[in-house]
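Visitor: just to be clear, the model below is a prediction. Sequence and coordinates:
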Amino acid sequence: MFETPLTNIDYDKVYEPAEDSFLLLDCFEQEYQSIQQRFTGRVPVVTEIGTGSGIVTCFIKQNILPHSIFFATDINPTSCSTAAETIKLNDTHETHPFTFTAMQMNLTSAVRSNKIDLLVFNPPYVPAENVPEIPKDLDDSSWLDLALLGGQDGMMTTWEVLNNLENILTPEIGIAYILFCARNKPDQVAETMKARGWKVDVVIHRKAGWEVLSILLFQK
């Protein structure tokens, strides 16, 4: 069993690793052989949208695809600095320091390039009336709402990514692991994406408190 990365988090500003984060770690531990085989002979580009504490990217870097190029993105600037700190705290691989970069940006604004080999997304999936506005103050507590609230059906943010997936992933080889809760209606999402030509598989699912979480794998 792979070790869970250490973190040093300001819990008032950055989403704390929880059941969804740990489900992603279990997913990649389960999938690591198939992922390594898929990218044999290649230096893959790995991107996590909404990295939060950076624990998932760090786990992949340590255990799954250590010799890769990593981009972690988040709209929350404190999350970006926290993710970089998480990598420094845990990374024992003697790799070039520029194999990891944390960038503040909104969703897919800089990854619509057909060059992402492995995409990871733990979206704000909790249903709410609206997706929160981006705070102007770094100390505003509503930064955490951006990591949780996904608008109608909890899917407004996730659909922004799914609708652009073909422009994000590397043709033929690119894959995406995206987390859903039951209220996101992942079965309906899967059928919609299959109708668009995607192969969609449920990799892992688990009851987490009052919620049921699933991770779906999308590939062409």
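Guide: Cool, got the structure. Residues are numbered from 1 along each chain as shown.

Visitor: shaky segments in this protein?
Guide: Along the chain, segments meeting pLDDT under 70 span 92-98, 107-112.

Visitor: what about the strands in it?
Guide: For the chain, the strands defined by DSSP state E cover 45-49, 69-74, 100-104, 118-121, 175-181, 199-208, 211-219.

Visitor: between those strands, which gets nearest to residue 90?
Guide: strand 100-104 (11.1 Å; Cβ to Cβ). In this view, the C-beta of every residue, glycine as well, is placed from N, C-alpha and C.

Visitor: which stretches of this structure form helices?
Guide: Secondary structure of the chain (DSSP state H): helices at 19-38, 55-59, 77-90, 143-146, 156-162, 165-168, 186-195.

Visitor: dihedrals phi and psi, residue 196?
Guide: phi -90, psi 0 (degrees, to the nearest 10).

Visitor: returning to what we had before: let me have the strands of the chain in CSV, extended by mean neighbour count and distance to residue 148.
Guide: Listed next are the strands of the chain as CSV, based on neighbours: other Cβ atoms under 10 Å; distance: least, Cβ to Cβ, whole Å:
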stretch, mean neighbour count, distance to residue 148
strand 45-49, 24, 15
strand 69-74, 24, 13
strand 100-104, 18, 18
strand 118-121, 25, 14
strand 175-181, 24, 11
strand 199-208, 15, 14
strand 211-219, 20, 12
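
Visitor: turn those into TSV, including distance to residue 60.
Guide: Shown next, in TSV, are these (distance: least, Cβ to Cβ, whole Å):
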stretch	distance to residue 60
strand 45-49	6
strand 69-74	8
strand 100-104	11
strand 118-121	7
strand 175-181	10
strand 199-208	14
strand 211-219	13
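
Visitor: in stretch 114-131, what's buried?
Guide: 116-126, 128, 131 (16 or more other Cβ atoms under 10 Å).

Visitor: skipping its backbone neighbours, what lies nearest residue 199 in space?
Guide: Leaving aside its sequence neighbours, residue 199 sits nearest to residue 219 (Cβ to Cβ, 6 or more residues apart in numbering; 5.1 Å).

Visitor: quick check: that neighbour vs residue 206, distance?
Guide: From residue 219 over to residue 206 the distance is 22 Å, taken as Cβ to Cβ, to the nearest Å.

Visitor: re the thing from before, farthest pair in the buried residues of stretch 114-131?
Guide: Farthest apart among the buried residues of stretch 114-131 by Cβ to Cβ are 117 and 128. That separation is 32.2 Å.
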